[in-house]
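**Student:** Here is my input; please provide its structure:
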Amino acid sequence: MHWSLRKGGHAVTLFDAAGEIGGQFNLAKRIPGKEEFHETLRYYARQLTLLGVYLQLGRRIVANELIAGRFDEIVLATGVVPRVPTIAGIDHCKDGVLCGVIRGGHEVGRSVAIVGAGGIGFDVAEYLSHGPGPSPSIDPGAFMAEWGIDATLGRARRASSRVWYTSKRVHGRSSCCNEEASKPGEGLGKTTGWIHRTALRRRGVEMIAGVACERIDDEGLHVRTADGPRTFSVDSIVICAGQEPLRELQQPLLQAGLRPHLIGGADVAVELDAKRAIDQGSRLAARL
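**Tutor:** Numbering: from 1, shown residues only. Model prediction:
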C-alpha cells in the first residue's frame, strides 16, 4: 500500500526489519510453482524507487520512535508469527517453523514429519519433496515429463508419468499430519488442490487426517490416529500449525493516544493470502 499512498500525494516512510521488501513473499517465491512472486517483488521494488518512498530496510522500528516521528498516520503491516501448538516435548522440534526451512536456516533430515496439512504445510511438503532439476512450473519439458504428456503428438498413446521420488533436500519419506478430520489441503483451490495432493502422493508424501499430536521425544513424533497410536521416527519435525498476528507495536501506540491501522496478517492471520492483504492496503490508502 506504500506506493498507493505515495501516488496519492502522501510522504511515505517504510520501515522493514528485514534486508529486503516483501515479507512472506520472500518465502512464497521459493516454493516450486510460486516463482512468479519474484516478478511481483521486482515490480513493487521498482515502484517504490520511482515514487520516492523513503525506504529503511534492516531497521526494526520501536513504538517510541514512531511516536516521536509525529506521523499523521501509522499503518502496521507487520505480518504474522508462527503459532506454536501445545505438544509435550515441543522443544525437541529441531526445525521449528516454515521460515527456518524455506530460508535454509536449518538442516532437514532424510525423513520429515510435517505437523499441519493446510496451505503452509503443503508448501513445505512441496519445497522439501521437489525433485532434482528445474521446477515443472517454469520448465515446459519438466512439466510434460512429470505429468506424462507427449509433446510430439506423433500418435495416441497412454500417458506414462515420470515421478521424482528423490528430492533435493529430503532424500527419504515425508508425512503431513493434519489435526482436522477433513482431508489434508481442504482449503486449497477447488480447481488446483487435487493437483497438489496428487503431485505430493507421487513423490511419496503420506497425508494423514484426524491426527492428534501427543508428544515429541527422542523416538520421534507420537500421535493418535483413527487406527490407533503411531510413532513417526523421523529425522526432522516441521511445525506448520498456523500463524498469529504480530501486533507488538499496537498497544504502546494506543496508549500514546495514536490510532494505528492494521492490515494484512497483522489484522487477521487466518487464511492469510497476498490478494487480500494487497486489496486491504489499497483500500486503506484510498481512504487516507
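**Student:** what residue ranges in the protein are flagged as low confidence?
**Tutor:** Counting by pLDDT under 70, the chain shows low-confidence ranges at 1-8, 93-106, 131-132, 153-183, 185-187, 271-272.
**Student:** let's see 80
**Tutor:** 1-10, 91-109, 131-134, 142, 145-148, 150-193, 195, 270-273 (pLDDT under 80).
**Student:** And the strands in it?
**Tutor:** Using DSSP state E, the strands found in the chain span residues 13-16, 54-57, 75-76, 80-82, 112-115, 174-177, 205-208, 212-217, 220-225, 228-232, 236-239, 243-245, 261-262.
**Student:** Quick one: closest of those strands to residue 282.
**Tutor:** strand 75-76 (11.9 Å; C-beta to C-beta). Every C-beta, even on glycine, is put in place using the N, C-alpha and C of the backbone.
**Student:** For the closest one, which strands pair with it and how are they oriented?
**Tutor:** Here strand 75-76 has these sheet partners by DSSP bridges: strand 261-262 (parallel).
**Student:** any idea how far the partner strand is from the chain center?
**Tutor:** Strand 261-262 has its C-alpha centroid displaced from the chain centroid by 22 Å (C-alpha atoms, centre = their mean, to the nearest Å).
**Student:** Can you give the contact residues for that strand?
**Tutor:** Identification of contacts with strand 261-262 by C-beta atoms under 8 Å, 6 or more residues apart in numbering yields 73-76, 245, 247, 250, 284.
**Student:** Buried ones only from those, please, as a PyMOL command.
**Tutor:** Buried members of the contacts of strand 261-262, defined by 16 or more other C-beta atoms under 10 Å, are picked up in PyMOL with:
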select buried, resi 74+75+76+245+247+250+284
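**Student:** I'd like the distance between residue 230 and residue 204.
**Tutor:** Taking C-beta to C-beta, to the nearest Å as the measure, residue 230 and residue 204 are separated by 17 Å.
**Student:** List just the nearest of the contacts of strand 261-262 to residue 24.
**Tutor:** Using C-beta to C-beta, the contacts of strand 261-262 come closest to residue 24 at residue 245, 12.9 Å.
**Student:** doesn't residue 113 make contact with residue 124?
**Tutor:** No - with contact defined as C-beta atoms under 8 Å, residue 124 does not count as touching residue 113 (11.0 Å).
**Student:** Can you pull the residues that touch both of those two?
**Tutor:** By the contact definition C-beta under 8 Å, 6+ apart, residue 124 and residue 113 are jointly contacted by residue 238.
**Student:** can you give me the helices in the chain?
**Tutor:** Using DSSP state H, the helices of the chain run over 2-7, 25-28, 37-51, 63-68, 98-102, 119-129, 140-147, 193-202, 250-255, 274-287.
**Student:** Which elements pack onto the longest one?
**Tutor:** The one in question is helix 37-51. helix 2-7, helix 25-28 (3 or more C-beta pairs under 8 Å, 6 or more residues apart in numbering; DSSP states H and E).
**Student:** what angle sits between it and helix 274-287?
**Tutor:** In terms of direction (axes from the mean of the first three to the mean of the last three C-alpha atoms, to 10 degrees), helix 37-51 departs from helix 274-287 by 20 degrees.
**Student:** hang on, the earlier thing: distance to residue 263 for the contacts of strand 261-262 - can I get that in JSON lines?
**Tutor:** Formatted as JSON lines, the contacts of strand 261-262 follow (distance: C-beta to C-beta, whole Å):
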{"residue": "73", "distance to residue 263": "12"}
{"residue": "74", "distance to residue 263": "11"}
{"residue": "75", "distance to residue 263": "6"}
{"residue": "76", "distance to residue 263": "7"}
{"residue": "245", "distance to residue 263": "11"}
{"residue": "247", "distance to residue 263": "12"}
{"residue": "250", "distance to residue 263": "12"}
{"residue": "284", "distance to residue 263": "6"}
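**Student:** Kindly indicate which of the contacts of strand 261-262 lies nearest residue 119.
**Tutor:** Among the contacts of strand 261-262, and counting by C-beta to C-beta, the member closest to residue 119 is residue 245, at 17.0 Å.
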